[in-house]
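# Provided below for reference: sequence and predicted model.
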Amino acid sequence: MYCLLPSLRSCWPLAVMCALVAASPALAQPARPNVRPVSASDSSIDVHLAADVHHGMATTSLPTASTKDKPTSDDAGEQQIITSPEVLRLVGVNSSDRDNTPLVSADGNILFFNSTRTGDRSWAQFNPIKKRYDDDIYFSTRLPSSNGEEHWSEPVNVGSDINSNEDDGIVAISPDGQALYFNSLKKGWDQDGGPFYRAKLSGTHWNEIHGLGGGITEFFKTRELGNRYRIYGGSISSDGKDFYFATTVHSPNGKHRIWVSHWDGRNWGFPVDLGSEVNAGGGSYAPCIAADGRTLYFTAGGRQGYGGDDIFVSVLRDGAWQPAFNVGAPINTSDDDAFISLAASGEKAYLSRLIDGNEDLYVAPIPVISRPSGVVLLSGIVSDKATNKPLEATIVIEDLQTGKTIFNASSNSASGSYTTVLQPGHDYGISIKAPGYVFHSARYTIPSNVAYDKMGHDFQLQKLAEGEKFVANNIFFDYDTATLSPESRPELDRIVEMMSEHPQLTLEVDGHTDNIGSADYNKQLSVKRAESVKEYLVTVGGIAVDRITTQGFGYRKPIAPNSTETGRKQNRRSEFTILSL
């Protein structure tokens with residue numbers, strides 16, 4: 001037999017472990033404060049996030065991060081823990097029943113949690129042994145507040161697509177907010193890829209539920225049969241490639257330990273023990289991987305702390321987890337403290353506490369020394385350019401330096417909203433595509449030393465139709481030449497894919513320049529660049545040569561003023577016209 005999330009005091013439910021990823025886009029979205037907008041009408045937008053100005057790109061400055069790092073192994077045990085402002089009870093969320101294990105979205109505006117409250121849930125049953133109703137998963141949205149307190153909307157049950165007549169608990173939300181991870185006690189888990197499951201959000205409903213399977217299921221199936229074991233929560237990284245969980249399975253001393261499974265693009269690998277820096281003392285559980293992908297929060301006993309089980313943090317550096325240190329007050333108390341949740345900003349922790357016999361949800365600031373590294377939160381709406389109706393689209397995030405896809409996200413079919421996390425030190429190419437539409441692309445260059453920031457970028461897609469024009473924003477040439485740069489390959493491959501999916505489609509490739517230099521020189525350069533694009537599509541992509549024609553216009557057809565570098569950058573473009581479809 002096995003038990004999910006046993007009690008720190010009596011019985012923790014199937015708990016929320018960590019919130020580092022986007023909220024469910026189908027839910028009511030409050031206004032996005034302090035989000036830097038990027039014009040959706042700019043068809044050749046190329047956003048370069050940097051701490052200084054880089055000529056040739058639309059530049060948005062980001063606040064730089066503090067150079068202060070986490071404590072080293074020498075000073076972690078000697079740090080002075082400063083008491084921060086008091087923990088605040090969340091207004092509008094808590095009930096007279098048990099409310100616990102919060103999971104906050106990446107932007108901090110949606111809160112999932114478990115509750116035994118009664119209400120309109122016909123599937124719920126009163127458990128006479130536990131003397132309560134079983135746990136269900138609820139969500140609430142942040143409301144405006146002027147007094148500094150956090151106010152939330154009346155909680156809503158996520159519904160019977162996920163909740164059942166047993167204890168149900170959320171584990172994580174995917175980076176794009178379109179997947180919910182949970183664990184289940186249901187019979188036959190070892191045959192359907194359990195004990196962890198994934199559900200997809202289609203519009204406003206969760207469906208397509210399936211087990212994670214792969215090495216994770218194999219890990220639990222190879223346990224010593226007949227022995228009691230426990231699962232103590234999990235968490236997924238912001239790129240969706242690392243799944244952390246805690247269990248007593250395969251533990252050499254019977255204590256709970258934290259493991260990680262890596263996604264290889266097709267399957268989840270066999271889990272790996274995080275090692276002694278994390279798994280020490282009286283056991284480690286309730287992992288929560290921050291949005292930066294390298295700061296891990298977890299609960300442990302048997303270590304120096306405030307008494308009871310405390311929350312600790314360890315940082316992944318050069319492939320190794322560093323010695324863990326206590327997160328400090330007000331997160332930790334003399335009682336057992338566990339299951340915190342952080343938004344991508346890493347400034348606050350959402351947690352549950354048992355006070356005077358009542359378990360409720362609270363929020364508290366995280367001491368600066370215990371906060372994760374900065375990331376950039378990119379969000380917006382994907383819609384039809386002609387109708388403005390929301391679209392479900394695939395959002396591909398690539399590293400332009402390596403040409404590799406880092407991860408895929410998606411927008412919600414009901415709202416069109418998307419959210420994704422961008423890490424420092426990367427040059428990103430992002431493309432948005434939907435069946436029957438021309439893809440759209442943008443570029444984001446994130447400096448290495450960046451503090452947390454938010455960017456807003458709405459995308460409008462145009463339908464594939466004869467006569468339609470579109471700009472491939474991520475096609476680049478070496479300076480003053482017609483030589484395609486290596487960063488252009490993913491964008492060119494997308495055009496190959498589009499033409500392969502539509503065998504009757506023919507294109508005209510038009511080269512354009514800015515007005516620096518003579519008219520004749522720019523005319524010839526634009527012709528050569530259009531021919532370079534055609535050559536790639538034919539020789540590398542395998543597209544028939546008679547499906548592509550080329551023209552070069554020099555600087556005769558600008559789409560922005562040539563009086564600024566930003567405008568000139570937009571005018572240096574590869575434009576495509578659909579001749580037939």
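Sure thing, it's come through. Quick caveat: nothing in here was measured; it's all calculated off a predicted structure. Numbers count the residues shown, from 1 in each chain.
# only C-alpha atoms from now on, for both contacts and neighbour counts.
Fine.
# what's the first helix or strand after the lowest-mean-pLDDT helix or strand in the chain?
Least confident element among the helices and strands of the chain, by mean pLDDT, DSSP states H and E: strand 58-61 (a mean of 32). The first helix or strand that comes after strand 58-61 along the chain, using DSSP states H and E, is strand 88-89.
# the spatially most distant residue from the centre of the chain: what's its closest spatial neighbour, skipping adjacent residues?
Distance from the C-alpha centroid of the chain peaks at residue 520, with 47.7 Å (CA atoms, centre = their mean). Nearest residue to residue 520 in three dimensions, chain neighbours excluded: residue 554, at 7.9 Å (CA to CA, 6 or more residues apart in numbering).
# SS state for the one you found?
Classification of residue 554 using DSSP: H, G, I helix; E, B strand; the rest coil returns coil.
# and it, what does it touch?
Applying CA atoms under 8 Å, 6 or more residues apart in numbering to residue 554 gives the contacts 511-515, 519-520, 522-527.
# so which strand or helix has the closest residue to residue 334 other than its chain neighbours?
Distances taken as CA to CA, 6+ apart place residue 307 nearest to residue 334, at 4.5 Å, with adjacent residues excluded. Element membership of residue 307, judged by DSSP H and E, is empty: it is in no helix or strand.
# same question, residue 363
Using DSSP H and E, residue 363 sits within strand 358-365.
# hmm, who's touching that strand?
Taking CA under 8 Å, 6+ apart as the rule, strand 358-365 contacts 84-90, 93-102, 330-331, 347-354.
# and whatever helix or strand comes next after it, average pLDDT?
Heading C-terminal from strand 358-365, the first helix or strand you meet, by DSSP H and E, is strand 376-384. For strand 376-384, mean pLDDT is 95.
# packing partners of strand 376-384?
Strand 376-384 sits against strand 417-422, strand 453-457, strand 459-461, with contacts defined as 3 or more CA pairs under 8 Å, 6 or more residues apart in numbering; DSSP states H and E.
# list the contacts of the residue nearest to residue 305 when sequence neighbours are not counted.
Once flanking residues are discounted, residue 305 sits nearest to residue 326: 6.7 Å by CA to CA, 6+ apart. Listed by CA under 8 Å, 6+ apart, the contact set of residue 326 reads 304, 305, 310, 311, 312, 313.
# so which of the residues you listed belong to strands?
If you go by DSSP state E, those have 310, 311, 312, 313 in strands.
# would you format those residues as TSV with distance to residue 403 and pLDDT included?
Putting the ones in strands among the contacts of residue 326 into TSV (distance: CA to CA, whole Å; pLDDT from 0 to 100) gives the following:
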residue	distance to residue 403	pLDDT
310	42	90
311	39	91
312	37	94
313	33	96
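# neighbour-wise, which one of those leads?
For the ones in strands among the contacts of residue 326, neighbours were counted using other CA atoms under 10 Å, and residue 311 has the most, 29 neighbours in all.
# ok, that residue to residue 359 distance?
18 Å (CA to CA, to the nearest Å).
# same thing with residue 165?
From residue 165 across to residue 359, the span is 21 Å (CA to CA).
# again with residue 522
Residue 522 is 70 Å from residue 359, by CA to CA.
# which one of the two has more residues nearby?
It is residue 522, of residue 522 and residue 359, that has more neighbours when counted by other CA under 10 Å, with 23 against 19.
# give me the mean pLDDT for the top helix by length along the chain.
Ranked by number of residues, the top helix in the chain under DSSP state H is helix 519-535. Helix 519-535 carries an average pLDDT of 94.
# tell me what that helix is packed against?
strand 506-512, strand 548-552.
# low-confidence ranges, the stretch 1-150 of the chain, go.
By pLDDT under 70, the low-scoring segments of the stretch 1-150 of the chain are 1-85, 119-127, 129-131, 148.
# quick revisit: what mean pLDDT does the strand holding residue 363 have?
87.
# repeat that for stretch 198-209.
Mean pLDDT, computed over stretch 198-209, is 88.
# how about that stretch as CSV, C-alpha atoms only?
What follows is stretch 198-209 as a C-alpha-only set of coordinates in CSV (Å, rounded to 0.1, in the frame of the first residue of the first chain):
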residue,chain,number,x,y,z
ARG,A,198,-1.3,15.3,-16.3
ALA,A,199,-4.5,17.0,-17.5
LYS,A,200,-4.8,19.5,-20.4
LEU,A,201,-6.9,22.6,-20.2
SER,A,202,-9.1,22.9,-23.3
GLY,A,203,-10.9,26.2,-23.1
THR,A,204,-12.4,26.0,-19.7
HIS,A,205,-12.3,22.3,-19.1
TRP,A,206,-9.6,19.9,-18.0
ASN,A,207,-9.4,16.7,-20.1
GLU,A,208,-6.9,14.4,-21.9
ILE,A,209,-5.8,13.0,-18.5
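# any idea how far it is from the chain center?
17 Å (CA atoms, centre = their mean, to the nearest Å).
# likewise for stretch 448-465?
On CA atoms, centre = their mean, the centre of stretch 448-465 falls 14 Å from that of its chain.
# what about it, how long is it end to end?
Counting by CA to CA, you get 41 Å between the two ends of stretch 448-465.
# try stretch 307-322
Length of stretch 307-322, first residue to last, CA to CA: 23 Å.
# likewise for stretch 483-493?
Start-to-end, stretch 483-493 (CA to CA) is 16 Å.
# in that stretch, which residues are buried?
484, 487, 488, 489, 490, 491, 492 (16 or more other CA atoms under 10 Å).
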